[in-house]
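Chemist: Pasting the sequence and the predicted coordinates here, then a few questions.
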Amino acid sequence: MIEPLGPVLFAAVHKGPYLSIQPLEAELSPENTLYLVDGISKSERANEGLPFLEPIGLLDQWGSVEDFLEANNVRAVVRSSSEDVMETNVEDWASAAAKTVGTPVFVVEDFPGNFQPNERHRLDALFVEDPSLCQLHQSRGVDPNVIFSTGNPRYSQLAQMDRASSRRRTRSQLGLSDETVLLWAGQPDGNNSYFALQRLLSHFARPGVTIMFRAHPRDELYASGGYNKILEESPMPVIDTTRDPYAFQLYCAADLVATQFSSAGVEASHLGVPAMFAL
């Protein structure tokens, strides 16, 4: 008797990696999908009312990730490439356990160059944005036969967005009319991101420009109120859109997206909104 195929386990920590694999969920029925998440990915699933597993619950019920994979007959792991993880790195957990029990692992790189190979982790395929990245990952020791340049699923969905109507609707909701709007997309690196914004504000200080400020969800300086003074004293009107869950609509409402190196700049570019990277 042939045993039926089990579910696919998706694993993610940070938001960008979650958004990079989440569109693939639509290709599977709900009963064939499981999510192991922590950090912002867990918050995203919870806020959307979607099911998920978290590290403590998994260990309490199954004892180990290896036992979880075998008990649920998991047929594959789909993960991304979260960096600088302070929470439980469930992506690495899943890759290491999969190597032990023989479960295939497929990685969708969330941002160019983020994926780092690890001999303790299984890797059956690595999907990257651009052919140039194939050579980069080969230089890191990844087998060229498992690297595929396919683009990122998180950007494919943007092709269906009606940018013009989204721009009108979002601007109206924010009380904007015809003024020029600069969207600042911050990074989670505390003072570094703060000083980049400070320099940006000094160069763009002019009448008729409104700043949409969007802190990175992992920026502890913002969470502690560290940006309050600079935003209050800004020479231009500032709208804090950090808590707005609809980032794509904010990109449409902007005339320029500025960031150090956030993937927000890439997302905006896919929508036809120019981006400036202030490295």
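Modeler: That came through, no problem. Computed from a predicted model, the values in this text were never measured in an experiment.

Chemist: make it CA atoms for all contacts and neighbour counts henceforth
Modeler: Noted.

Chemist: What residues does the residue nearest the centre of the chain make contact with?
Modeler: Residue closest to the average C-alpha location in the chain (Cα atoms, centre = their mean): Gly16, at 0.5 Å. Contacts of Gly16 were listed using Cα atoms under 8 Å, 6 or more residues apart in numbering, and they are 82, 110-111, 263.

Chemist: burial of the closest residue to Phe68 other than its chain neighbours, as a residue count?
Modeler: Here the nearest residue to Phe68 in space, its sequence neighbours aside, is Trp62; by Cα to Cα, 6 or more residues apart in numbering that works out to 5.5 Å. Residues contacting Trp62 under the criterion other Cα atoms under 10 Å number 14.

Chemist: Thr241: neighbour count?
Modeler: Using other Cα under 10 Å as the criterion, the residues surrounding Thr241 number 19.

Chemist: Thought Phe213 was touching it, still the case?
Modeler: Yes. Judged on Cα atoms under 8 Å, Thr241 makes contact with Phe213 at a distance of 5.8 Å.

Chemist: any idea which element Ala164 lies in?
Modeler: Using DSSP states H and E, the element containing Ala164 is helix 163-173.

Chemist: State the next helix or strand along the chain beyond that helix.
Modeler: Past helix 163-173, heading to the C-terminal end, the next element that is a helix or strand (DSSP H and E) is strand 180-185.

Chemist: which helices and strands does that following strand pack with?
Modeler: On a contact count with 3 or more Cα pairs under 8 Å, 6 or more residues apart in numbering; DSSP states H and E, strand 180-185 meets strand 209-214, helix 247-253, strand 256-259.

Chemist: Just the CA coordinates for it, please, in PDB.
Modeler: The C-alpha coordinates for strand 180-185 follow below in PDB (Å, rounded to 0.1, in the frame of the first residue of the first chain):
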ATOM      1  CA  THR A 180       4.900  65.200  -3.100                       C
ATOM      2  CA  VAL A 181       5.200  62.200  -0.800                       C
ATOM      3  CA  LEU A 182       8.500  60.600   0.300                       C
ATOM      4  CA  LEU A 183       8.200  57.200   2.100                       C
ATOM      5  CA  TRP A 184      11.000  56.400   4.400                       C
ATOM      6  CA  ALA A 185      11.400  52.600   5.000                       C
END
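
Chemist: neighbouring contacts of it?
Modeler: By Cα under 8 Å, 6+ apart, the list of residues contacting strand 180-185 from outside reads 197, 208-216, 250-251, 253-260, 262, 264-265.

Chemist: List only buried entries from these.
Modeler: Applying 16 or more other Cα atoms under 10 Å to these, the neighbour count classes 197, 209-216, 250-251, 253-260, 262, 264-265 as buried.

Chemist: distance of Asp84 from Pro188?
Modeler: Taking Cα to Cα, to the nearest Å as the measure, Asp84 and Pro188 are separated by 10 Å.

Chemist: More neighbours: which of those two?
Modeler: When Asp84 and Pro188 are compared on other Cα under 10 Å, the one with more neighbours turns out to be Pro188, at 17 against 7.

Chemist: Look up how far Asp178 lies from the more buried one.
Modeler: From Pro188 across to Asp178, the span is 31 Å (Cα to Cα).

Chemist: Same question for Gly265.
Modeler: Plainly put, Gly265 is 22 Å away from Asp178 if you go by Cα to Cα.

Chemist: got it, and Leu36?
Modeler: Applying Cα to Cα, the value for Leu36 to Asp178 is 44 Å.

Chemist: Compare the two (neighbour count), which wins?
Modeler: Applying other Cα under 10 Å to Leu36 and Asp178 shows that Leu36 carries more neighbours, namely 22 against 8.
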